[in-house]
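Trainee: okay, here's the prediction I keep looking at, along with the sequence it came from:
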Amino acid sequence: MNINKAIHNWYKILIYFSLLSVFVYILNSDFFFVPNVKSTGYLLISLLFLFIGFLFDSFNWGAYLKKRKSKQINYADSLVSHGITIFSKYIPGKIWMIIGRAGFIANKYNFSTKQLSLISFEVQIISLWSGLIVSSVTLFFLQDSEYFLILLIGIFCLLIGLSIFLFTNVFQKILQVLIKKLFKIDFTNKKPEITIYNLIGFYATWVMWSLSFYFLEKALFDREIILITGLAFVFAANIGLVAIIFPGGIGIREGILVAILINFEFTIAEATTISLVSRLWFLSGEVFIFLTSLIIQKFKPRRYFFKYL
């Protein structure tokens, strides 16, 4: 069988399976727990920042692809590859979205799926690293928690490990030796190439989602809420990313979110409410980028806009 055809068929199966997975988790979770909205205006502002964040997230993938692989890769294709595989995160294992978007680009441009999967993995690590740096400030609001020291040491070690991966060749050399010994395959890969331009994009994504979460809180509760509480979602989302066995970080993200919000003087009932609503809120952003990718793929507006990027 032609290898490109095989990749294409596998890729379509992944999309269908990811849609089935998210449907199953919607049925088995409290995704549609919707409390009274106190301010429709704040809710609309929240959704605006949320959708902008998802566009930034897709842009980060495209910008890094251009830097790491080839400038000929179109931003429209990178957005489509990111958007139509977005629900793959609900398949246990965390790797399917990484491989899925790489498979789309590999099939489109006749590149190596293996190499693009590594680049896709690097993007995920950069996103995690930048998100943890942005949101780590929330740890200092948990000083009274019995888990504060454990969290502080854990996040510090995680950031050190991610920094070694991103800024040195140590990880690549270890991986090269392991793959050669285990699979008898010669493997070479350069350390990630990160520019200030890339980092600004990743930081902007998390800032947009942080602002979005803050305005979601304002939409649900008619009282004074400090801006920094928006970072609670960013911190919880990144810890959820590390929890490999849980689809989409479900359960882990919500639990951490409740714990942080309680320390921001939310009641247990309020913190639980916002954590449950955040599932539907973030899912709406995923639906937005999924539908956006389908529209771009269908109507191909790149000739008018994306060709200039």
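Mentor: Here it is on my side, so go on.
Trainee: from now on I want contacts and neighbour counts done on CA atoms only, so please keep to that.
Mentor: Fine.
Trainee: pretty sure residue 203 contacts residue 131?
Mentor: Yes. Between residue 203 and residue 131 there is a contact under CA atoms under 8 Å: 7.1 Å.
Trainee: and the helices in the stretch 101-250 of the chain, which stretches?
Mentor: 113-135, 148-167, 170-183, 196-220, 230-242 (DSSP state H, counting those that start in this stretch).
Trainee: format the ones you listed as TSV; extra columns: mean neighbour count.
Mentor: Putting the helices of the stretch 101-250 of the chain into TSV (neighbours: other CA atoms under 10 Å) gives the following:
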stretch	mean neighbour count
helix 113-135	20
helix 148-167	15
helix 170-183	14
helix 196-220	22
helix 230-242	23
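Trainee: those helices: lowest mean pLDDT?
Mentor: Mean pLDDT across the helices of the stretch 101-250 of the chain is lowest at helix 170-183; the value there is a mean of 64.
Trainee: where are the low-confidence patches of the stretch 1-150 of the chain?
Mentor: In the predicted model, the stretch 1-150 of the chain carries pLDDT under 70 at residues 1-12, 15-34, 93-94, 142-148.
Trainee: check contacts around the nearest residue to residue 103 once chain neighbours are set aside.
Mentor: Leaving aside its sequence neighbours, residue 103 sits nearest to residue 113 (CA to CA, 6 or more residues apart in numbering; 5.6 Å). Residues in contact with residue 113, defined by CA atoms under 8 Å, 6 or more residues apart in numbering, are 99, 102, 103, 106, 107.
Trainee: next one: residue 105 from residue 299, what distance?
Mentor: Distance of residue 105 to residue 299, computed by CA to CA, to the nearest Å: 18 Å.
Trainee: what about these two, which has more around it?
Mentor: More crowded of residue 105 and residue 299, by other CA atoms under 10 Å: residue 105, with 23 against 8.
Trainee: does that one touch residue 80 like I think?
Mentor: No. Using CA under 8 Å, residue 105 makes no contact with residue 80, being 9.4 Å away.
Trainee: show me what contacts residue 227?
Mentor: Contacts of residue 227 by CA under 8 Å, 6+ apart are 211, 214.
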